[in-house]
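Student: I need the structure of the sequence given here:
(2 chains)
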Amino acid sequence: MIELRPLLEEDATRTEKALLLAGRADGPSKEATAAVLAMLEASPPAGPATSVKPARLAEWVKTAIFAVAVCGAAAVVYYLARPQRAVPPAMPVIPKAEPAAAPGEAPAPSIDLVSPRSHEGPATIYDEEPPRLPAREGSAHRRRALPPGRTREASHGAADSPRDNSLGDETRALDRAREALDAHQPSTVLRLLDDYHRRFPQGRLRPEAMVLRLAALVQTGGHKAARSLARQLLADEAYQAYAARIHSLMAEMKP
Amino acid sequence: MDASHASRASSAEAAPGRRIASLVATHHALVWRSLRRLGVWESDADDASQRVFLVAHRRLNDIEPASERSFLLQTALRVAADFRRSRRRQREENGHSLPFLVDPNPNPEELLDKWRARAMLDRVLDALPRDLRTVFVLFEIEELTMAEISNVVEIPAGTVASRLRRARAVFRATVSQMSPGQSIKYEAGGKR
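Tutor: The predicted model follows:
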């Protein structure tokens, strides 16, 4: 950039110089300067330095973050400490054996299961015929063994301890049932699945457990009960992913 | 509050006061002159300069020490524009111009020369477009560098140079038209 020189240092005429010099020499009176100082002394002082503002802003941000962290921690504590929701008993009640199957298809047992979709409550699966099986001794004994004032729902809620909440525990429980199924031990499978339902009343692998139960029923030869269960599972949208497997199991059943 | 704390607090409060006093002592003439040459009437110049320093006082903590002059000149440009608008409205309403106040200088002959020179300068500057006038005043009278003017007016340095050349051309043409054969005896002397 070429720096120009002032006219006064160049070829200004005398009049031009006189005008510019008059302009440069002009200025306020001493009284005017004193008046400015007096006015400023009377005026309110300058506000806080703007350099303080970022520091104050940072302080506010820290406070807000701390408050959010405390609220978050409180929410987590509340979530972890909240009482477990009571769940209706979902353990299917399956007879230990199907002695009546041999002569001519004994009545199928009634099976209760909880739909894997949400908390809509247990979906009851009914067979074509009403259940006429005698009450199980063990089941009655367990009911009597409950302490007074305590419901079965509460009992199941208590059984669903944090230790059993992990998906790994569910997977291992079903793996054991599956191994028993592979070993053609359907009664063991049913027992293990009973245990599973007791331990995990809101288990995330309940659909898989129900299909395993269906397979176990097929192995036991209780075809009527198996068909009834299969129909109910196929009617439930939540089991659509298992439809092919359920059809395959039903195909294994001899007419 | 102990004595040392009180002392620190009072010194902290006194610091802005000292700074604004220093600003006034150093730059009041510059601000006042700029306001006058930018079209603020002499009768308004004291009020206008007070307004400039009042703004500076309120925003003292925002002003970097190295940019005090630029800040004051930028503020003066805005205040001058406000005063010009105000006077233009007043002139339109009254239908006439207010006369210049007479300078209470004890020397009538010198007063006449100074007054004539400044009055003529103001008339010549009035002939300049606003943007050219600002650059001309800051460069030729206030002796700012082109870089400083670029910073104050917030235009590129090349634009400053081009405006300055155009302003000089208009200034010279106007002076030659207004004073054909007329000579002004004014020489730089003391302030009023």
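Student: Residue of chain A closest to chain B, please.
Tutor: residue A:22 (3.4 Å; CB to the nearest CB). C-beta here means a position set from N, CA and C on the backbone, and glycine is covered the same way.
Student: Tell me where the model's unsure across the stretch 151-255 of chain A.
Tutor: Scanning the stretch 151-255 of chain A with the threshold set as pLDDT under 70 gives A:151-165, A:254-255.
Student: actually chain B, sorry about that
Tutor: B:1-14, B:91-112, B:179-192.
Student: Residue of it nearest chain A, please.
Tutor: Closest point on chain B to chain A, by CB to the nearest CB, is residue B:117, at 3.4 Å.
Student: Quick one: list the elements packing against the strand or helix carrying that residue.
Tutor: If you go by DSSP states H and E, residue B:117 is part of helix B:108-126. Packing partners of helix B:108-126 (3 or more CB pairs under 8 Å, 6 or more residues apart in numbering or on different chains; DSSP states H and E): helix A:14-25, helix B:3-37, helix B:157-178.
Student: one more time with 10 Å, if that's ok
Tutor: Under the contact criterion of 3 or more CB pairs under 10 Å, 6 or more residues apart in numbering or on different chains; DSSP states H and E, helix B:108-126 touches helix A:14-25, helix B:3-37, helix B:42-58, helix B:130-136, helix B:157-178.
Student: And those: which comes nearest residue B:146?
Tutor: helix B:157-178 (4.8 Å; CB to CB).
Student: For the closest one, buried residues please.
Tutor: The neighbour-count check on helix B:157-178 (16 or more other CB atoms under 10 Å in any protein chain shown) flags B:157, B:160-161, B:163-164, B:166-168, B:170-172, B:174-175 as buried.
Student: among those, which are in reach of chain A?
Tutor: Contacts with chain A are made by B:157, B:160-161, B:164, B:168, B:171-172, B:175 out of these, judged by CB under 10 Å from any CB of the partner chain.
Student: Let's have these in JSON lines, adding distance to residue B:26.
Tutor: Formatted as JSON lines, these follow (distance: CB to CB, whole Å):
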{"residue": "B:157", "distance to residue B:26": "25"}
{"residue": "B:160", "distance to residue B:26": "24"}
{"residue": "B:161", "distance to residue B:26": "28"}
{"residue": "B:164", "distance to residue B:26": "25"}
{"residue": "B:168", "distance to residue B:26": "29"}
{"residue": "B:171", "distance to residue B:26": "28"}
{"residue": "B:172", "distance to residue B:26": "32"}
{"residue": "B:175", "distance to residue B:26": "32"}
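Student: Show me which pair in the residues you listed is furthest apart.
Tutor: Of all pairs in these, the most separated under CB to CB is B:157 and B:175 at 26.4 Å.
Student: picking up where we left off before, what's the neighbour count on the residue of chain B closest to chain A?
Tutor: 23 (other CB atoms under 10 Å in any protein chain shown).
Student: Please name the spatially closest residue to it (chain neighbours excluded).
Tutor: residue A:22 (3.4 Å; CB to CB, 6 or more residues apart in numbering or on different chains).
Student: cool, and residue A:184?
Tutor: residue A:219 (6.2 Å).
Student: for the helix or strand where the one you found lies, packing partners?
Tutor: Applying DSSP H and E as the criterion places residue A:219 in helix A:206-220. Here helix A:206-220 touches strand A:111-114, helix A:167-182, helix A:186-199, helix A:223-235, helix A:243-252, going by 3+ CB pairs under 10 Å, 6+ apart.
Student: what angle do the last one and helix A:206-220 make?
Tutor: Pointing back at helix A:243-252 there. Helix A:243-252 and helix A:206-220 are oriented at 10 degrees to each other (axes from the mean of the first three to the mean of the last three CA atoms, to 10 degrees).
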